[in-house]
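Enquirer: from the sequence below, what's the structure:
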Amino acid sequence: MLPAAPVLAPVLGRAEAGFDASVGRLCDLLRIPSVSTKPDHAPEVRRAADWLTAELAGLGFDASVRPTAGHPMVVAHHPGPGGEDVPHILYYGHYDVQPPEPLELWDSPPFEPTIVEGPHGPRVVARGAVDDKGQVMTFLEAFRAWHAVHGTLPVRVTVLLEGEEETGSPSLMPFLRANAEELKADVCVITDTNSWTIDTPAITTRLRGLLYVEVTLHGPSHDLHSGLYGGAVLNPINALTRILGQIHDGQGRVRFPGFYDGVREPSAEELAMWRDLGFSETDFLAGVGLKTPVGEAGRSALERLWARPTCDVNGIWGGYTGAGAKTVIAAKASAKLSCRLVPGQDPDAVLAGLRAFLDERTPPDARWEVQSFGQSPGLQVPTDSPYLRAAMAGLGDVYTNRPVLIGSGGSIPVAGYIKDALGFDSIFVGFGLEDDRIHSPNEKFELTCLKNGILSHVAMLARFAELRR
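Expert: Down below sits the predicted model:
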């Protein structure tokens, strides 16, 4: 039975009845090209912050745009029904988006949201449709439905929306530390992840961290003629590719010293739960045009994606790469590497191991330059939290299929920042799908997922309200 049915049922009904208007508001937000990585888009990023602030103010929030060293934060507070025993929930999301390029691969202009039919019914196609504007609107529209029916929210709510997530959140940690007292809450709800399927909701309890570096091997003092010097001097491109080829052993394990120190095995219960999800590795590979699995031997695909660390070469360059021929031995060669980390690994120790691996293989007369572009640890969310159980119950109030607990191979550093700076845990509950083309042309959000997200947040608010302190 739904919690406090006479209170909740009309709110669910209001969200259903107002769904077309919710889609319209999402499209209004999607029309704002808030691309945080492009300096010339800074006014549009600010416009998106102002738009969200006005929407929240219209729902009874004390909302404001807060300056940072980069793009602004949106902070909003709602007192809820009053009372010292009312739970306090922090909702986090981001309103900035990735650049839309390459534009020629879009079926419609990226900032002119278009409703098209798909296998699951209508979907909205636009940059930011699911990452993260559509997901942010799921909880804003839930607030709207509660406000319209009851004139208030059932719990105390703080909203934090940032405009730099797609550029690595450089202002987030300083902002959290500077405003820790104001942002204090019982738990944070982050809606920037996926459902398991369109019919099965999920809460993500595992996230991999990230260490991202650029390595450059320097050799000769300048580029050389390959005929006059080839075969007689160090070629940094040859050496770099040979060294990168040694990162993994024959079993697919990373060979950096100490790389697996602290890595925790998933529990038997977790492994059993993952087996019960019905994941098809064949279908997973087919979705990207492949057939043959790779990776650490003796591990299932979900183990490799959710519970095991990796290292991948993300880019490599050196010498002449333009049209036609230019026969040079390059003075240097570079590569970008990303290590996805799991709970228990120390990013600083992994970086030290990577450096040691490279140093052990430095060719005579060569030297390394290693630049780190950021790091974050892996994260595991406690599954015995009453707030997580309440979120699971709220999802169960909306979906026919029971919600599941899953992992993610991606990285969302904000939860670690919130834990470190504010001292409480996060719940990752999102409504995207694997095929939403995040960061790619023709990014989309199924309208079924948008509606289910709104209804789920409506129900989760009611479930949180039952957790009196």
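
Enquirer: start and end of stretch 194-214, how far apart?
Expert: 30 Å (Cα to Cα, to the nearest Å).

Enquirer: can you tell me the average pLDDT over that stretch?
Expert: Per-region confidence: stretch 194-214 scores 96 on mean pLDDT.

Enquirer: what do you get for stretch 67-81?
Expert: Per-region confidence: stretch 67-81 scores 97 on mean pLDDT.

Enquirer: try stretch 233-247
Expert: For stretch 233-247, mean pLDDT is 98.

Enquirer: what are the buried residues along it?
Expert: For stretch 233-247, burial by neighbour count (16 or more other Cβ atoms under 10 Å) applies to Leu234, Asn235, Pro236, Ile237, Asn238, Ala239, Leu240, Thr241, Ile243, Leu244, Ile247. C-beta here means a position set from N, CA and C on the backbone, and glycine is covered the same way.

Enquirer: closest one to Gly407 out of these, please.
Expert: Ile247 (23.4 Å; Cβ to Cβ).

Enquirer: beta partners of the residue nearest to the closest one when sequence neighbours are not counted?
Expert: Using Cβ to Cβ, 6 or more residues apart in numbering and skipping residues adjacent in sequence, the residue nearest Ile247 is Cys311, 5.6 Å away. Applying DSSP bridges to Cys311 gives these bridge partners: Cys339.

Enquirer: what does Leu217 give?
Expert: Ala333, Trp368.

Enquirer: my read is that it contacts Trp368, right?
Expert: Yes. The pair formed by Leu217 and Trp368 meets the contact definition of Cβ atoms under 8 Å, at 6.1 Å.

Enquirer: for the stretch 201-350 of the chain, give me the ranges with low pLDDT.
Expert: Along the stretch 201-350 of the chain, the model assigns pLDDT under 70 to no residue.

Enquirer: how about 90 then?
Expert: 267, 269, 287-288 (pLDDT under 90).

Enquirer: helices of that one, start to end?
Expert: 226-229, 236-244, 268-275, 281-286, 301-306, 347-360 (DSSP state H, counting those that start in this stretch).

Enquirer: output these in JSON lines; the columns should cover distance to Thr37.
Expert: Converted to JSON lines, the helices of the stretch 201-350 of the chain look like this (distance: least, Cβ to Cβ, whole Å):
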{"stretch": "helix 226-229", "distance to Thr37": "37"}
{"stretch": "helix 236-244", "distance to Thr37": "27"}
{"stretch": "helix 268-275", "distance to Thr37": "35"}
{"stretch": "helix 281-286", "distance to Thr37": "30"}
{"stretch": "helix 301-306", "distance to Thr37": "27"}
{"stretch": "helix 347-360", "distance to Thr37": "23"}
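
Enquirer: relative to Gly394, which of the ones you listed is closest?
Expert: Of those, the one closest to Gly394 (Cβ to Cβ) turns out to be helix 268-275, at 19.9 Å.

Enquirer: wait, doesn't the residue nearest to Ile247 sit right on Val254?
Expert: Yes. The pair Cys311 / Val254 is scored as a contact, 4.8 Å apart, by Cβ under 8 Å.

Enquirer: now list whatever residues contact both of the two.
Expert: Jointly contacting Cys311 and Val254 under the rule Cβ atoms under 8 Å, 6 or more residues apart in numbering are Ile247, His248, Cys339.

Enquirer: apart from its neighbours in sequence, what residue is nearest the one residue sitting closest to the centre of the chain?
Expert: With distances taken as Cα atoms, centre = their mean, the chain has Ile412 as the residue nearest its mean C-alpha position (4.5 Å). With sequence-adjacent residues excluded and distances taken as Cβ to Cβ, 6+ apart, Ile412 is closest to Leu207, at 5.6 Å.

Enquirer: quick one: that neighbour from Trp274, how far?
Expert: Using Cβ to Cβ, to the nearest Å, one gets 15 Å for the distance from Leu207 to Trp274.

Enquirer: for these two, indicate the residue with more neighbours.
Expert: It is Leu207, of Leu207 and Trp274, that has more neighbours when counted by other Cβ atoms under 10 Å, with 29 against 22.

Enquirer: residues contacting the more buried one?
Expert: Gly378, Leu379, Gln380, Gly407, Ser408, Gly410, Ser411, Ile412, Ala415, Phe428.

Enquirer: so it bridges to which residues?
Expert: With beta bridges defined as DSSP bridges, Leu207 has these partners: Leu379, Ser408.

Enquirer: number of residues surrounding Ile115?
Expert: If we define neighbours as other Cβ under 10 Å, then Ile115 has 13 of them.

Enquirer: and the helix or strand where it lies, what's its mean pLDDT?
Expert: Counting by DSSP states H and E, the element that carries Ile115 is strand 114-118. Confidence over strand 114-118, taken as the mean pLDDT, stands at 97.

Enquirer: what are the buried residues along that strand?
Expert: Within strand 114-118, the residues that count as buried by 16+ other Cβ under 10 Å are Thr114.

Enquirer: ok, His222 - how many residues close by?
Expert: Based on other Cβ under 10 Å, the number of other residues close to His222 is 10.

Enquirer: in terms of contact, does it touch Ala331 like I think?
Expert: Yes. At 5.3 Å, His222 and Ala331 qualify as touching, with contact defined as Cβ under 8 Å.

Enquirer: let me see the contact set for Asn452.
Expert: Counting by Cβ under 8 Å, 6+ apart, Asn452 makes contact with Ser195, Pro201, Val398, Tyr399, Phe431.

Enquirer: please apply the same query to His457.
Expert: Each residue near His457 by Cβ under 8 Å, 6+ apart is listed here: Thr138, Phe139, Glu141, Ala142, Thr191, Gly394.

Enquirer: which non-adjacent residue is nearest the first one?
Expert: It stands for Thr138. Setting aside the residues directly before and after it, Thr138 is nearest to Gly453 in space (Cβ to Cβ, 6+ apart), at 3.2 Å.

Enquirer: so what's that neighbour up against?
Expert: For Gly453, the contacting residues are Gly134, Gln135, Thr138, Phe139, Thr191, Gly430, Phe431, by Cβ under 8 Å, 6+ apart.

Enquirer: 7 Å - rerun?
Expert: Residues touching Gly453, when contacts are defined by Cβ atoms under 7 Å, 6 or more residues apart in numbering, comprise Gln135, Thr138, Phe431.

Enquirer: nearest to Gly60 among those residues?
Expert: Nearest to Gly60 among the contacts of Gly453: Thr138, at 18.4 Å, using Cβ to Cβ.

Enquirer: so which strand or helix has Arg14?
Expert: When elements are defined using DSSP H and E, Arg14 is found to belong to helix 5-17.
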